[in-house]
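Engineer: could you look at this predicted model? Sequence included:
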Amino acid sequence: VNSGGTSDGSFQRYLIKMSCDQDRLIQVEPLLDLLHFLEPDRKDRIKAKFREEGDINAAAFLIDEIIHSKNYARGWSRELIAALETVGCRHAAKYVLNSPPEPTEEAENDSCVRLIDLLQLTLVSMKTGDVCAHCRALGLLTLEDQENLTENQGNIGGARLLLKRLVKNEAGWFSKFLQALEDTEHHDLVRELRGEPCNEDGEARTQTQLSNYRIISLPSSEESKRDIVLRDYQMEVARPALEEKNIIICLPTGSGKTRVAVYITKKHLERKKQMGQPGKVVVLVNKVPLVEQHYKAEFGRFLKHQYSVERVSGASQLKISFPQIIEQNDIIICTAQILENSLAKAKNGDEDGIKLSQFTLMVIDECHHTKKGGVYNHIMIRYLSQKHKNQLLKKQEKSPVPLPQILGLTASPGVGGAMNQQMAEEHILQICANLDAFTIKTTTFKEEEAKTPYKRIARAEERKEDPFGDVIKKIMDEIHTHADLKPLCDPGTQYYEQWVVQKEQNAAKEENQMVRVCAEHLRQYNEALHQSNTIRMSDAFRFLNKYHTEELKTKSSPDEEGTITITDTERFLFTLFKDNKAKLQELMGKPQYENNSLAQLKTNILKEFSTRERARGIIFTRTRLSAIALCQWIQENPKFDEVGVRASYLIGGGDQSVVKPMTAAEQKDVLNKFRDGQINLLIATTVAEEGLDIAECNFVIRYCLVTNEIAMIQARGRGRAEDSSYTLVAEAGSGVAERESVNEYREKMMSTAIVKVCKMNRADYEKKTREFQMQAIIEEKVKIKKKLLKGMMKEPPSKISLSCRQCSVFVCSGEDIEKIENMHHVNVTKQFSKLFTVRENASLQERLLDYETNGVIACKNCGQQWGSMMLYKSIECPCLHIKHFVVTYSSKKKTFSKWSELPIKFPAFDYTQHADLLVEDSEEEDLETD
C-alpha cells in the first residue's frame, strides 16, 4: 500500500487506463535504471524494444509487462512513482496516481504536443544549449537531461531530443517553453508558435506565423445552401480556370477576387466528383488572420454545407497531424509556411510529411509575393521541378506525378522597380512563370461598376519658422565641425541617413573613433528631425532624451574594477545635448512651431468627419512610433472629439522595433471595434495595407508616406465605400508628391504590361515563361550546392583579429574563439576576461524573471557592448556579437553584421579541457586558502 492508501493492485488498473493513450509520457531508458523490481531479462527485452522501435512502443511494452506480472515485491508502485518523478515524467506519475489532468487541460496539452511535432522542422534551428539551460531553470529539465541533450548531440540532434523530452512534462510545459525561447532571443520561433504576424518599419515579412493550433471540427451544417452568383466580369476572369488551366486573377481590392476563387473551387470539386476522381483544394495565405477571414467570409460560408472545410494557422490548435487534416478534408485553408514545412518533411523522408500530388487545386492569395526568397516561391519551385521531371518521365513513357491546378490571386503584381515598359512586361512574365500560369486575367471596369476613390494631394506649406529643427541642425553642424565632416545632403532626409551610416562604418574600419561616435549621434538627430517634420516636436524630443539617457548609462562602471573611459568627443556630445535640452523643451511647448503637415492632416480629418454623415477612415504612416504618436495627438485634441473621432492605432506584431508590438489578439480586437463602429479612425502602418478584411472606409489618407505602386494600389483599395476619397498629405518640396506621381506612372505601366502579356503569341509566351522557369530551377540547384560547399572553403581563425568598434582597442585573435553548438562564438581565455566588464541585461531584467539572467559584456575601456555572458554546462562563457567589433582580415579592416558572413572555420568548444582548467584553478585557490 502506498502512502496515500492505494494498493499495488489498484496501480495496475490505473496503468491499464494510462496505456491506452499516454505511452508518450514516459522516458523509458533512464526509467529502467531506477526500476529495481523488474528482473534483468525483462529490462533487456524492453531495452531491445526501445532500440528497435523507439520510446513510444517501448513505453507501451513496459506498461504491458507491469500490468501482466503478479510477482513484484510489495511497494513496487511507490518505486515506480518515485522513478517517474526522478526522471522528470511527472505528468505520467499523475496518471499512475489516478489523478490525470482535467479533460480540457489534457486536450490543450495534446494540441501543444501536435504543434511541436508539426513545427519540428522549424524549431530545430534553435540554439539548443541556451534553450536547454533556460528550460532547466524553469523546471522542465533535470541536470542529467540537460547534459544528455547537449553532450555530443550537435545542435539539431540536441534540439530534436529536447522537443521529445519537453512533451513528457506535465501540463503547463508549453508556456514555460515559450518563455525559454523568448529569454534566449528566439523571437521568430515564439512568433511562429503564438501566431503573431510581423511586418513594417523595414522588417522582413516573415511567413512562419503559426501558434497554438486549434482545429475546430466542422460538422455537416444544416444551414440553407448559399448560391454563389458571379458578376459578368468575375465570370470572364474565371473562365480559363474553369477549363482546368493555371491562371492569375488580377482584380482591384474589393472587387471579389476571393469570391471568384470560391466559385472556381466549388466547380473544381463538383467536376472531380462527376468524374469519380478525388478532389482536394488547399488555399494558401501569407498572414495568420487571413486564414480565419477566408474561412468565415468566403470558403466556409459558401462551401461548408457541401464539403468539409478546415483551417490551420497560428490561431488554431491541432488534435491530429497536418497530414491527417489533409486526408480528412476537401478544402484546407492554411498559412503557406505550414505547407512548406510539411513538403520539406516529405522530401527528407519523414512519414509526417505531405506531397503536392495530394492536392488537385492550389489557391495562392496575394500571389505577387511569389518571388525569390518568399515561401510561396519555395513551394512553386518544388512544383516547377516536378513539372520538369514529369516531362522527362513522359519521354521515358513512364507515368508522371500528378500536380495541382494553380490559381493565383492579386490586386497588383506591380512592376518590380521597372524603369521602362519592356522591363515591366518582363516582370509580369516572371510572375506568370513562377506560378506556371497559362495566362493572367484582369478586366477594365465600366464607370458605374468601378469603386475607385476620388484622389487628391493635400500639400502642406513648407515651414516658415522651425526653431526646434534649427536647434537640432545647429547641434548637428557643431558635430560636423568637431569631426570635420562635410555632408553631401541636407539633414532630415533619407539620403543623409545613408551618408551617415556609411561614415560610421568607414570610421570603425579606420579606427577613427571621433568620427564613428559623432556619426552615431548624428544618425539619432537625423531621425529626430524626421519625426519633428511628421509628428510633434515633443515626440522627437522624447526620442532624443531617451537615447542620451541610455548612452550615459553605458558609461558608468558597474563595479569597482575601474572607471570606463569617456573620450573628449563623447563628453563634448553629451554636453552639447545637455546645453540645448532646455531650449528644445521650451520650443516643443509652442504649438505655432509645429510642422504644417500635421496641421494639414488635422484639416483633412476634421473635413472628412464634418462633411460625412458616417465617416470611417484609415491613416497610413511609415513607422510604429508615428502611428502611436498620431493616435495620442488625436485623442488629446478636443477638436477631434467634437466631430466624433474615435481613434486607435494598428501596428505589426514583430519585435525588431523599439516600440512594443501588437499581438494578433490585440490586432483582432481593434479591427472588430473598427468593424462595429466603436472606432471610426485607424492610424496604421503597412500591416493594414494588404489582405486584412478591414471594414469599408469612405476615406484613406497616406500621411507623408510613399513606398511603391503595389502599396499605393493596396492602400487606395481600402476606400471601397461609395463617394470615398484617397488623400496624400505631403509637405511641399519633400518629394513625396513627386514619388506618388512616379507610382501612378508605374501603375499605368503595369496595366499596359498585363494587356500586352495577355496578347502575346502563345508560342512566344510559353518560350519566355519556360526560360524563366528553367532559370529558377537551375538557380535553386546552384543555391543548394553552394550551401553544401560553403563549409568546405573556410579559412583558419589565425587569419583574423578583433578590435573594439568604438575605441579600437585590440580584443583578441581569431585563434582565441571557439564555437558552442556550432553557433555561439565564445572566448574563455584569461587574457580576454581582463578586457571586459559585465553589466545587467536591462531588457531581460525588465521581464522580472525569477531566475538568473545573462549579463551583457562591455569594453572596460569605453563601455561599448561586446556581447553577452552565457552559462554553458555550469561554465561562464563570454559570447561575442560580431557587429560590435572591427575585424582585421588578411590585413584589411572590415565590419560584419553576422558571423556567417565571415569565411572562417572556428574550432568547437572543448568542454572537457575548460572544465579541467576550472577544477585545477579551484583546487589551487583551496590550497592557498588552507
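Structural biologist: All right, it came through fine.

Engineer: ranges for the helices of the stretch 151-300 of the chain?
Structural biologist: 155-166, 173-183, 187-194, 232-242, 257-274, 288-294, 300-303 (DSSP state H, counting those that start in this stretch).

Engineer: pick the most buried one from these.
Structural biologist: Among these, ranked by average contacts under mean count of other CB atoms under 10 Å, first place goes to helix 288-294 (a mean of 24). Just so you know, the C-beta spots here come from the backbone N, C-alpha and C atoms, and that holds for glycine as well.

Engineer: that helix - contacts with which helices or strands?
Structural biologist: Under the contact criterion of 3 or more CB pairs under 8 Å, 6 or more residues apart in numbering; DSSP states H and E, helix 288-294 touches strand 281-285, strand 309-312, strand 331-335, helix 664-676.

Engineer: now do the first one against helix 257-274, angle only.
Structural biologist: Interaxial angle, strand 281-285 versus helix 257-274 (axes from the mean of the first three to the mean of the last three CA atoms, to 10 degrees): 160 degrees.

Engineer: which residues sit against strand 281-285?
Structural biologist: Outside strand 281-285, the residues within contact range by CB atoms under 8 Å, 6 or more residues apart in numbering are 261, 265, 268-269, 291, 294, 299, 313, 326, 330-336, 339, 359-366, 376, 379, 404, 691.

Engineer: count the neighbours of residue 488 for me.
Structural biologist: 8 (other CB atoms under 10 Å).

Engineer: heads up, I number from 268, so please use that
Structural biologist: Fine by me, first position is 268 from now on; the one you just mentioned is residue 755.

Engineer: where does it fall, secondary structure wise?
Structural biologist: Counting by DSSP states H and E, no helix or strand carries residue 755.

Engineer: check the gap between it and residue 747 for me.
Structural biologist: 12 Å (CB to CB, to the nearest Å).

Engineer: picking up where we left off before, rebuild the helices of the stretch 418-567 of the chain as CSV, extending it with mean pLDDT and distance to residue 1086.
Structural biologist: What follows is these, written out as CSV (pLDDT from 0 to 100; distance: least, CB to CB, whole Å):
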stretch, mean pLDDT, distance to residue 1086
helix 422-433, 84, 10
helix 440-450, 86, 21
helix 454-461, 80, 21
helix 499-509, 92, 51
helix 524-541, 93, 48
helix 555-561, 81, 35
helix 567-570, 89, 49
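
Engineer: would JSON lines of those with distance to residue 810 be doable?
Structural biologist: Formatted as JSON lines, the helices of the stretch 418-567 of the chain follow (distance: least, CB to CB, whole Å):
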{"stretch": "helix 422-433", "distance to residue 810": "39"}
{"stretch": "helix 440-450", "distance to residue 810": "26"}
{"stretch": "helix 454-461", "distance to residue 810": "23"}
{"stretch": "helix 499-509", "distance to residue 810": "48"}
{"stretch": "helix 524-541", "distance to residue 810": "41"}
{"stretch": "helix 555-561", "distance to residue 810": "30"}
{"stretch": "helix 567-570", "distance to residue 810": "45"}
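
Engineer: of the ones you listed, which is nearest residue 741?
Structural biologist: Nearest to residue 741, of all those, is helix 454-461, at 39.1 Å by CB to CB.

Engineer: so which elements touch the closest one?
Structural biologist: Against helix 454-461 (3+ CB pairs under 8 Å, 6+ apart) you get helix 387-390, helix 440-450.

Engineer: other SSEs contacting the following helix or strand past the shortest one?
Structural biologist: What it means is helix 387-390. For helix 387-390, the succeeding helix or strand toward the C-terminus, using DSSP H and E, is helix 395-404. Judged by 3+ CB pairs under 8 Å, 6+ apart, helix 395-404 is in contact with helix 410-417, helix 422-433, helix 440-450, strand 1132-1139.

Engineer: if we go to 6 Å?
Structural biologist: Counting by 3 or more CB pairs under 6 Å, 6 or more residues apart in numbering; DSSP states H and E, the packing neighbours recorded for helix 395-404 are helix 410-417, helix 422-433, helix 440-450.

Engineer: for the stretch 568-717 of the chain, which spans come out with low pLDDT?
Structural biologist: 581-586, 711-717 (pLDDT under 70).

Engineer: okay, helices next: where are they in it?
Structural biologist: Under DSSP H, counting those that start in this stretch, the stretch 568-717 of the chain gives helices at 589-595, 603-614, 642-662, 688-701.
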